[in-house]
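Student: take a look and give me a structure for this.
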Amino acid sequence: MFSMLGIVLANNFVMMFIFWELVGVSSYLLIGHWFTRDSAAAAANKAFLANRIGDFGFMLGILMVWTATGSVVFSEMQGALPNLSLTAGFLTLVTVLIFCGAIGKSAQFPLHVWLPDAMEGPTPVSALIHAATMVAAGVYMLARVSFLIQLSPTGQSVIAAIGIITAVLAALIATQQDDIKRILAYSTLSQLGYMICAIGLAAPGAAMFHLFTHAFFKALLFLGAGAIIHAMHHEQDIWKMGGLRKKMDWTFWTFAAGYLALIGTPLFSGFFSKDVILLAAWQQHSYLVFLLGVFTAFLTAFYMTRLFVVTFLGSSRSDAADHAHDGSFRMTAPLVILAFFSVFAGYHFIGGHALGENFSQAVEGIEHGGGHGVVATLAILAFVFGTGLGYFLYSGRSKEPFPFAPLRDKLYFDEIYAALIAGTQELLATMARFIDQWIIDGILVRATSGAVWGIGYVLRFLQFGNLQGYAFLFGLGVVATIYFLVFR
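Tutor: Prediction:
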C-alpha cells in the first residue's frame, strides 16, 4: 500500500519509477509467500522477470522523454511537449516504451503469463494485487501521462490493439479453466485489457472509472473465492464443489453481487463503467475494437455464469462441499461491504465524487455523446446471451461437457516461451558453459597448470639427495654436451 500510494502521489517519472519497482518487489514477496512450495517460488520468479522486461522499456521511455524535454516532472513535460518539434516516430517510440511498463505491471499480452500463476499467493493477496493495487498501477500510470500518449495516434492504436487482444484472449482461456482463482485471474486480465484499450481510445476517464468499479467487485469475488476455498478445505477445483448455495448463504449472495457486477448486469456498477468504454470505441469509430469489446462482454457473462452455476447450484460433488459453511464474521463482513459498493460504485453519488471533477466530466462527455442506444442494446444482448448460454450448458453438469485442450492449456503460451528460452538463453548459456569449462578452464588454464605440474612431478625424481648419483648425472651431461658439439 505504501508503494502504491507513492505511485499515486508522484508528480514526476523518477519518483514514480522508484515506487513502481517497490510495487514489483512487494508483489514478488507476496506471490512467493508460501516459499516452501516450489510452485509459489516459481510463480514469484516468473512475475518478477516478466515485470523486469516491461520495466526496462519503461525506463528507456523515461530517459527519452527526459532527453527531449529536460524534465521528468509531469506538469513541466505537459507544458514543454507541444512546443517541441518532435517527430511522429520519436513520439510513437516514447509512447510504446512507456507503455511497456504497463504491459508488464498490468499483465498485458504478451507479458500476461505471470498473472494466472500469481494465484499461488494467499487469496487476500490475490484480492489486493489483482483488484485494486499492483495490476492497476499500469492503467493509472497511462492515465497520468495521457497528455503524452495523445500526441501519438500510432501509439494510441498500439495501446488499444494490445488492450483488446488481451481482453479477448484472456476471456477465451477463462472459459476452460477449472481452478476458481485461475478463472478470476483471467477475468482480471480481460478487464485490464478493457481499461488499457480505453487509454488507447483517448478515454482515460473511462479507464479510471472501470478501474474504480472493478476494484470493488473483483476484490469481492476473490475474497468470496477465499471463503469457498476455506470451507472446501483448500480445494480450488469448481467441479468438486456444487450445492454451496444451500450451505453458504452470505457467501452466495455477496458473490452473486460481484458476479452480476462483473458480467455487466444493468444497474450494477460494472454495467456503467464497461458501457462507457464501449461508447468510447463507438464514438471513435473503432468498430472492430467495439465488436471485440462486445464479444468479450459475452464471453465474460458466459464463463462467470459457468463458474457461478458449477460452484453454487446443483448438488454437492464432494464430501467437503457437503459439510461447507460460511466463514466467521471477520470473513463475511468485508464481503458485505464490498457487495454494497459492487452494486452502487458506478452511480454518481459514489463514483463521481471518488474519481474527481476532471475524470467525471470526461466520463459524462462520453455518456452524452452519440451511440448510447446502440451500445447499451448490444451490451445487454451480450449479457443476456452469455448468461443464458452459460446456464443452459452447465446447469446440472458434473464435469466439463466441452473440453477444448488449447484453451485449457492457455493456448500453450508457457510452452512457447519455454521453447523460446530453451532455444536462445539456455542455448547460449550451454555454449558459454562449454567454452568456459573445456576451452578456457580445460585448455588454457588447466592444461597449462597441468603441464607445469607434470614437468615438476618428473623433475622431482632427479632430486633424490645422493652425491654419487648427482656426479653421474653431471658426467652424463658433460658427455652429452661434447657429443652434440663435436659429432653434430
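
Student: could you use CA atoms for every contact and neighbour count after this?
Tutor: OK.

Student: now do the helix or strand containing Gly163: distance to the chain's middle.
Tutor: Taking DSSP states H and E as the criterion, Gly163 maps to helix 153-174. Relative to its parent chain, helix 153-174 has a centroid offset of 14 Å by CA atoms, centre = their mean, to the nearest Å.

Student: same question, stretch 79-91
Tutor: 31 Å.

Student: ok, stretch 240-256 next?
Tutor: 29 Å.

Student: what's the helix holding Gly163 packed up against?
Tutor: helix 88-105, helix 180-200, helix 287-312, helix 405-408 (3 or more CA pairs under 8 Å, 6 or more residues apart in numbering; DSSP states H and E).

Student: now the helix or strand that comes right after the shortest one: mean pLDDT?
Tutor: In other words, helix 405-408. Remark: after helix 405-408, the chain's next helix or strand is helix 413-423, criterion DSSP H and E. When pLDDT is averaged along helix 413-423, the result is 86.

Student: which residues does Leu378 contact?
Tutor: Val294 (CA atoms under 8 Å, 6 or more residues apart in numbering).

Student: helix/strand/coil for it?
Tutor: Secondary structure of Leu378, reduced to three states by DSSP: H, G, I helix; E, B strand; the rest coil: helix.

Student: pLDDT score assigned to it?
Tutor: 93.

Student: and if you look at Ser449?
Tutor: In this model, Ser449 carries a pLDDT of 84.

Student: from Trp34, how far out is it?
Tutor: Ser449 sits 48 Å away from Trp34 when distances are taken as CA to CA, to the nearest Å.

Student: where exactly do the helices run in the stretch 301-450 of the chain?
Tutor: Using DSSP state H, counting those that start in this stretch, the helices of the stretch 301-450 of the chain run over 319-322, 329-344, 353-355, 357-367, 372-394, 405-408, 413-423, 425-434, 448-459.

Student: tabulate the ones you listed in CSV, adding columns for distance to Leu473.
Tutor: Converted to CSV, these look like this (distance: least, CA to CA, whole Å):
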stretch, distance to Leu473
helix 319-322, 92
helix 329-344, 94
helix 353-355, 99
helix 357-367, 100
helix 372-394, 98
helix 405-408, 82
helix 413-423, 61
helix 425-434, 45
helix 448-459, 13
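
Student: out of the ones you listed, nearest to Pro124?
Tutor: helix 329-344 (10.4 Å; CA to CA).

Student: buried ones in that closest one?
Tutor: Within helix 329-344, the residues that qualify as buried are Thr332, Leu335, Val336, Leu338, Ala339, Phe341, Ser342, Val343, Phe344, counting by 16 or more other CA atoms under 10 Å.

Student: which elements pack onto it?
Tutor: Against helix 329-344 (3+ CA pairs under 8 Å, 6+ apart) you get helix 204-231, helix 249-262, helix 269-283.

Student: for Arg317, grab the count of nearby residues.
Tutor: Here the number of neighbours of Arg317 (other CA atoms under 10 Å) works out to 18.

Student: who's in contact with it?
Tutor: Per CA under 8 Å, 6+ apart, neighbours of Arg317: Trp239, Lys240, Met241, Gly242, Gly243, Ser398.

Student: phi and psi next, for it.
Tutor: Backbone torsions for Arg317, taken as degrees, to the nearest 10, come to phi -120, psi 10.

Student: next one: Ser328
Tutor: Torsion angles, degrees, to the nearest 10, at Ser328: phi -70, psi 170.

Student: contacting residues around it?
Tutor: Per CA under 8 Å, 6+ apart, neighbours of Ser328: none.

Student: pLDDT value on it, please?
Tutor: pLDDT at Ser328 comes out at 87.

Student: tell me how far it lies from Thr123.
Tutor: 16 Å.

Student: repeat for Ala281
Tutor: Taken as CA to CA, the span from Ala281 to Thr123 is 34 Å.

Student: ok, those two, which is more surrounded?
Tutor: Ala281 (25 against 21).

Student: surely that one touches Val289?
Tutor: Yes. Using CA atoms under 8 Å, Ala281 is in contact with Val289, at 6.5 Å.

Student: phi first, then psi, for the closest residue to Met134 other than its chain neighbours.
Tutor: Once flanking residues are discounted, Met134 sits nearest to Val23: 6.5 Å by CA to CA, 6 or more residues apart in numbering. When read as degrees, to the nearest 10, the backbone of Val23 gives phi -60, psi -40.

Student: Val23 and Ser3 touch, don't they?
Tutor: Yes. Using CA under 8 Å, Val23 is in contact with Ser3, at 5.4 Å.

Student: who has more neighbours, the two?
Tutor: Val23 (25 against 20).

Student: for the more buried one, what are its contacts?
Tutor: Ser3, Met4, Met134.

Student: buried ones in stretch 386-395?
Tutor: Gly386, Thr387, Leu389, Gly390, Tyr391, Leu393, Tyr394, Ser395.

Student: how near is the nearest residue to the third one once chain neighbours are set aside to Phe392?
Tutor: It stands for Leu389. Distance criterion CA to CA, 6+ apart; nearest residue to Leu389, sequence neighbours excluded, is Phe302 at 6.5 Å. Separation of Phe302 from Phe392 (CA to CA): 10 Å.

Student: ditto for Thr175
Tutor: Taken as CA to CA, the span from Thr175 to Phe392 is 14 Å.

Student: so the longest helix seen in the chain versus helix 88-105, what angle?
Tutor: The single longest helix within the chain, with elements called by DSSP state H, is helix 38-69. Relative orientation of helix 38-69 and helix 88-105, computed by axes from the mean of the first three to the mean of the last three CA atoms, to 10 degrees: 160 degrees.

Student: roughly how far is helix 38-69 from the heart of the chain?
Tutor: The chain centre lies 12 Å from the centre of helix 38-69; the measure is CA atoms, centre = their mean.

Student: do stretch 189-200 as well
Tutor: On CA atoms, centre = their mean, the centre of stretch 189-200 falls 13 Å from that of its chain.

Student: low pLDDT regions in the stretch 201-350 of the chain?
Tutor: Filtered on pLDDT under 70, the stretch 201-350 of the chain yields no residues whatsoever.

Student: apply 90 and report the result again.
Tutor: Low-confidence segments of the stretch 201-350 of the chain, defined by pLDDT under 90: 205, 230-237, 239-248, 267, 272, 283-286, 313-331, 345-350.

Student: that older thread, out of the helices of the stretch 301-450 of the chain, which comes closest to Val145?
Tutor: Of these, nearest to Val145 by CA to CA is helix 357-367, at 13.7 Å.

Student: so for that closest one, mean pLDDT?
Tutor: If you average the pLDDT values across helix 357-367, you get 82.

Student: which pLDDT value belongs to Ala480?
Tutor: 90.

Student: again, but for Ala132
Tutor: For Ala132, pLDDT reads 68.

Student: tell me which residue lies nearest the centroid of the protein.
Tutor: The residue lying closest to the centre of the chain (CA atoms, centre = their mean) is Ala107, at 2.7 Å.
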